[in-house]
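S.K.: Here is the input, now give the coordinates:
(2 chains)
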Number of protein chains: 2
Amino acid sequence: MSTGPITVGILGAGQLGRMLALAGYPLGLRFRFFDPNPESPARDLAPLTVASFDDSSALAAFAQSVDILTLEFENIPVIALEIVQKLRPLAPCPQALEISQDRLYEKNLCQALKIPTPANIAVETKEQLLQAVQEIGFPCVLKTRRLGYDGKGQKIIRAREQVDTAFQALAGSPLILEAFIPFTREVSQIIARNKQGEIAYYPLSQNVHRDGILWNTIAPAPDAAALIPQAQDYTTRIARKLQYTGVLAVEYFVHNGELIFNEMAPRVHNSGHWTIEGANCSQFENHVRAVCGLPLGNPNERGAARMFNILSTLPDTERMLAIPGAHVHLYGKAERPGRKLGHVTLCEQNAAQADELARQVESLLK
Amino acid sequence: MSTGPITVGILGAGQLGRMLALAGYPLGLRFRFFDPNPESPARDLAPLTVASFDDSSALAAFAQSVDILTLEFENIPVIALEIVQKLRPLAPCPQALEISQDRLYEKNLCQALKIPTPANIAVETKEQLLQAVQEIGFPCVLKTRRLGYDGKGQKIIRAREQVDTAFQALAGSPLILEAFIPFTREVSQIIARNKQGEIAYYPLSQNVHRDGILWNTIAPAPDAAALIPQAQDYTTRIARKLQYTGVLAVEYFVHNGELIFNEMAPRVHNSGHWTIEGANCSQFENHVRAVCGLPLGNPNERGAARMFNILSTLPDTERMLAIPGAHVHLYGKAERPGRKLGHVTLCEQNAAQADELARQVESLLK
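M.R.: Reported below is the predicted structural model:
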């Protein structure tokens, strides 16, 4: 990269884009965003092109206005990525998005790479579902293959009489039936891989979801030494297979002391927000470094981190900031049930200190 | 502060403004800048009003477009501050700027507060200068009272025959002759004081200047335990006297184990740039918190920090980023001799580690 000002174009302008720009400006970069929503959280931070991901001329004009391209949202139509990729370097690649947009493709990739996944069968009709339920057994989970997020597009099926309701709720989209994994916990492995193939591994983090939405991350994940080699190995297999450039997040279930692939995100991830204060170099800075072909920063932790999402309603900011060590991140979004409005990070010298302050943070997030 | 989006107007849009916005966005704030220079470093980060500080209608319109006002540049005409202050709350107050704009006023304030300063005498004519030199003795330093920065507007006088040259170089402005302090080192105390009068004290930092420009900061300053109470006490006296709100930086000479006031800056300060990675809550975030009336964040260090300014020419970014733990901050400015283009911060577990990496950073900054 020359020392001249490089402009990074980001497809999507949500909070992830906002935090990418905040991390990238210190590197002397400039930014532009593309998003259909004029009220996107990143709107204040750089010029925003408001257009649909179906608008090929707007996409082309956007690509031509920047030097390199990346994204912060995985459900961008692959055709949109193919349009911009002809005009400017794009990372990660469209293939990584294509796979991560479809739970079946993700599972097929894992199978090819010998990464364990829950047993799964693609279904479209009720007859196929009934057949699949017989093969997989109860409990199982019916999911839409595409466009699921934050627990949306999923139904747990615990008995025969729940099959119809689940099918009616999700029918109309291609579906996948998965065995329900009675996991002891969920962890995520975030890595950054740059154009040169160098990989930075973030500490494994442990995630707690509520109603399908990430609520709390503990990083580094406690008592996880035995899981780390597996997490790094599996995630590296995926990244290398896809010749991946940028930050990649893979969520795993922990079951019987082993990791089972759950899902992947070809972007910076909510379970890595703790890295802004909690790691030497955040996932956001490392994503920007990776896509610009720069050396990666140190992903190691700086202490014991706890991250809580701010969901649905905003807390009392003054009281939150009065908690020692509470780092508040608000995304500039209006309140709405289930919406991610911000997050709060703690990074303390040890887990006991972090947990004590975490109780104070939690008491303000009701 | 309500949870609605508050817009902070910043007078001046240099690198300090840029870093204030980067620190303030996560708090859910919005920003606007006012600066005569359309190429100001903060231009990409928020709307920029390009107008002169003499343009009272532009100042008024700017003030009316924001909720609260602050500044990042101390040489704003006091009359400009008085115009905007009638329209919106402003911090710090015009009086703090008026004093810090004039080395004589600063010294008079210190005298009133019983804070040691170098012996000093205001001079305008050569006759007054000759008289003052006799009183103060050699070596002494002739300085312009106003608009000096980065070593500009100063001449050391070591003997009678240097008096004429020094006077000719600086004549035409009100001047001050000061005793030259043969200091063993220079330190700065940065504090943040919020509207409620709460004060956060950053660790004392030690500064090395080259050609009058800050080159390197070591934080916390080594072997400084005996100086800390004095630094906090003196700086608190100034802040309380001025009913100061925001970040205030005071530079002191260390001479015979005692502090002697050098100068003050009513703003975030270059000797506090290390706080972005090196303190729990940076000077930039705490300035924003202070002027918004929010509780202050923890100013304590997170390790042994070293900050180097990038002056005149840009280093090889790739090689700099390849140094483990090097945090690079570029301001988006073109190269020019003596210009501050960015800085690099290290924050390591101990001073020995920081010093070893500092040598690598220095080798890339020639």
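
S.K.: in the stretch 151-300 of chain A, what spans have low per-residue confidence?
M.R.: Scanning the stretch 151-300 of chain A for pLDDT under 70 picks out the ranges A:151.

S.K.: Could you pull out the helices in it for me?
M.R.: In the stretch 151-300 of chain A, the segments counted as helices under DSSP state H, counting those that start in this stretch are A:163-170, A:228-241, A:275-278, A:283-291.

S.K.: What residues of the second one count as buried?
M.R.: Of the residues in helix A:228-241, those buried under the neighbour-count criterion (16 or more other C-beta atoms under 10 Å in any protein chain shown) are A:228, A:230, A:231, A:232, A:234, A:235, A:236, A:237, A:238, A:239. Bear in mind the C-beta positions are built from the backbone N, C-alpha and C, glycine included.

S.K.: Same question for stretch A:275-292.
M.R.: Under 16+ other C-beta under 10 Å, the buried positions of stretch A:275-292 are A:275-292.

S.K.: So what would you say the end-to-end distance of that stretch is?
M.R.: Stretch A:275-292 has an end-to-end distance of 20 Å (criterion: C-alpha to C-alpha, to the nearest Å).

S.K.: Could you see whether chain B lies near it?
M.R.: Yes - applying C-beta under 8 Å from any C-beta of the partner chain, one finds stretch A:275-292 in contact with chain B at A:280, A:281, A:289.

S.K.: Please report how far the first one lies from residue B:68.
M.R.: Translated: residue A:280. 34 Å (C-beta to C-beta, to the nearest Å).

S.K.: likewise the last one?
M.R.: Taking C-beta to C-beta as the criterion, residue A:289 is separated from residue B:68 by 35 Å.

S.K.: same check, this time on the second one
M.R.: Here the distance between residue A:281 and residue B:68 works out to 33 Å (C-beta to C-beta).

S.K.: mind checking pLDDT for the closest residue to residue A:61 other than its chain neighbours?
M.R.: The spatially closest residue to residue A:61, leaving aside those adjacent along the chain, is residue A:49, at 7.6 Å (C-beta to C-beta, 6 or more residues apart in numbering or on different chains). Here, the pLDDT recorded for residue A:49 equals 98.

S.K.: My read is that residue A:49 contacts residue A:58, right?
M.R.: Yes - the pair residue A:49 / residue A:58 is scored as a contact, 6.3 Å apart, by C-beta atoms under 8 Å.

S.K.: any residues in contact with both of those two?
M.R.: Common neighbours of residue A:49 and residue A:58 (criterion: C-beta atoms under 8 Å, 6 or more residues apart in numbering or on different chains): residue A:34.

S.K.: Quick check: bridge partners of the closest residue to residue A:350 other than its chain neighbours?
M.R.: In space, and not counting its chain neighbours, residue A:350 is closest to residue A:304: 5.5 Å by C-beta to C-beta, 6+ apart. Residue A:304 has the following beta-bridge partners by DSSP bridges: residue A:348.

S.K.: contacting residues for residue A:304?
M.R.: A:220, A:347, A:348, A:349, A:350, A:351, A:353, A:354.

S.K.: coming back round to it: and the host helix or strand of the residue nearest to residue A:61, how far from the chain's centre?
M.R.: Assigned by DSSP states H and E, residue A:49 belongs to strand A:48-50. From the chain centre to the centre of strand A:48-50 is a distance of 23 Å (C-alpha atoms, centre = their mean, to the nearest Å).

S.K.: Buried residues, that strand. List them.
M.R.: Buried positions in strand A:48-50, judged by neighbour count with 16+ other C-beta under 10 Å: A:48, A:49, A:50.

S.K.: What is the neighbour count of the nearest residue to the last one once chain neighbours are set aside?
M.R.: Going back to what we said before, that points to residue A:50. Excluding the flanking residues, the one nearest residue A:50 by C-beta to C-beta, 6+ apart is residue A:38, at 4.7 Å. Residues near residue A:38, counting by other C-beta atoms under 10 Å in any protein chain shown, number 9.

S.K.: Surely residue A:38 is in a helix?
M.R.: No - counting by DSSP: H, G, I helix; E, B strand; the rest coil, residue A:38 is located in no helix; its state is coil.

S.K.: Contact residues of the stretch 251-366 of chain A facing chain B?
M.R.: Applying C-beta under 8 Å from any C-beta, we find that the stretch 251-366 of chain A lies next to chain B at A:280-281, A:289, A:294-295, A:297-298, A:302, A:314, A:316-318, A:321-322, A:324-325, A:327-332, A:342.

S.K.: please redo it, this time with the cut-off set to 6 Å
M.R.: Within the stretch 251-366 of chain A, the positions adjacent to chain B are A:294, A:295, A:298, A:314, A:317, A:318, A:321, A:322, A:324, A:325, A:329, A:330 by C-beta under 6 Å from any C-beta of the partner chain.

S.K.: For the last one, give its distance to residue B:9.
M.R.: Right, the one you point to is residue A:330. 19 Å.

S.K.: now swap in the fifth one and tell me
M.R.: Counting by C-beta to C-beta, the gap from residue A:317 to residue B:9 is 20 Å.

S.K.: Looking at those two now, which is surrounded by more residues?
M.R.: Neighbour totals were compared for residue A:317 and residue B:9, and residue B:9 leads with 27 against 20 (other C-beta under 10 Å).

S.K.: what residues does the strand holding residue A:49 touch?
M.R.: Strand A:48-50 is contacted from outside by A:13, A:33, A:34, A:38, A:62, using C-beta atoms under 6 Å, 6 or more residues apart in numbering or on different chains.

S.K.: Could you list the paired strands of it along with their orientation?
M.R.: Strand A:48-50 has these partner strands in its sheet, going by DSSP bridges: strand A:30-35 (parallel).

S.K.: who touches the strand it pairs with?
M.R.: Counting by C-beta under 6 Å, 6+ apart, residues outside strand A:30-35 touching it are A:5, A:7-13, A:17, A:21, A:42, A:46-49, A:62, A:65-66, B:44.

S.K.: now do 7 Å
M.R.: Applying C-beta atoms under 7 Å, 6 or more residues apart in numbering or on different chains, the contact partners of strand A:30-35 are A:5, A:7-13, A:17, A:21, A:24, A:40, A:42, A:45-51, A:62, A:65-66, B:44.

S.K.: To what extent is the residue of the stretch 51-200 of chain A found nearest chain B buried, counted in neighbours?
M.R.: Of all residues in the stretch 51-200 of chain A, residue A:198 sits closest to chain B, at 10.0 Å by C-beta to the nearest C-beta. Residue A:198 has 14 neighbouring residues, counting by other C-beta under 10 Å.
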